[in-house]
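Colleague: sequence and computational prediction follow.
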Amino acid sequence: MKTTTKLKLWGVTLAVLGVTLIVLSTTIYSDSFGPFSNQPNERLLIPGVLCVFFSFPILVMGFSPQLTRLSAKVQTETVEHAKDDLNESVSKTTDVMIKAVTPSIKTAINELGTTNQLSLEEQLKEAKRLFDQALITNEEYQALRNKILGI
């Protein structure tokens, strides 16, 4: 028999024993001296409370593999949910960026890359103009500049 199964059995047994002792101490074996006084029997109540108190940690230890699996499943679902939200927001941003900026970048690179008529200075000015108008990012500007300069 597995250790966790033994712990579950011990925990349930202690809990049942404790609840039984508490019920017996307040009903059948109560120390009542009159019709309106209902005092629980302390000799049964204290062991019953202790049994119930110690049954909880034993039950938690017995169910620890299931609790670990449950927490791992919850963490996995949380990560997947966050991943889906992150992918959705990134894809929305990417769609906006691709529709708005990418054609301008491709046009600029094609114009600057294929025209040999423009001087080096004019090509650099055109790249700077695209960067200043926020049509290309700083990284793209640096890459374009390096391409023009042949670095």
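Modeller: Done, it's in. Residues are numbered from 1 along each chain as shown.
Colleague: any weak-confidence spans in the chain?
Modeller: Within the chain, the set of residues satisfying pLDDT under 70 comprises 33-37, 88-118.
Colleague: break it down into its structural domains.
Modeller: 3-62, 101-149 (automatic domain parsing).
Colleague: and those domains as CSV, adding mean neighbour count and distance to T68?
Modeller: From N, CA and C alone the C-beta is placed, and that goes for glycine too. As requested, those are exported to CSV (neighbours: other C-beta atoms under 10 Å; distance: least, C-beta to C-beta, whole Å):
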stretch, mean neighbour count, distance to T68
domain 3-62, 15, 11
domain 101-149, 14, 45
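Colleague: now do the helices in this protein.
Modeller: Assigned by DSSP state H, the chain shows helices spanning 3-26, 42-62, 64-100, 102-114, 120-132, 138-149.
Colleague: Serialize those helices to a markdown table and add fields for distance to S32.
Modeller: Converted to a markdown table, the helices of the chain look like this (distance: least, C-beta to C-beta, whole Å):
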| stretch | distance to S32 |
| --- | --- |
| helix 3-26 | 10 |
| helix 42-62 | 13 |
| helix 64-100 | 42 |
| helix 102-114 | 87 |
| helix 120-132 | 92 |
| helix 138-149 | 86 |
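Colleague: before we move on, back to that, so which of the domains of the chain comes closest to E77?
Modeller: Among those, domain 3-62 comes nearest to E77, with 22.7 Å by C-beta to C-beta.
Colleague: thinking again about what came up before, tell me which of the domains of the chain sits nearest to Q75.
Modeller: domain 3-62 (19.1 Å).
Colleague: and the closest one, how far out from the chain's middle?
Modeller: On the basis of C-alpha atoms, centre = their mean, to the nearest Å, domain 3-62 sits 39 Å off its chain's mean C-alpha point.
Colleague: among the domains of the chain, which comes closest to H81?
Modeller: Evaluated with C-beta to C-beta, these place domain 3-62 nearest to H81, the distance being 27.5 Å.
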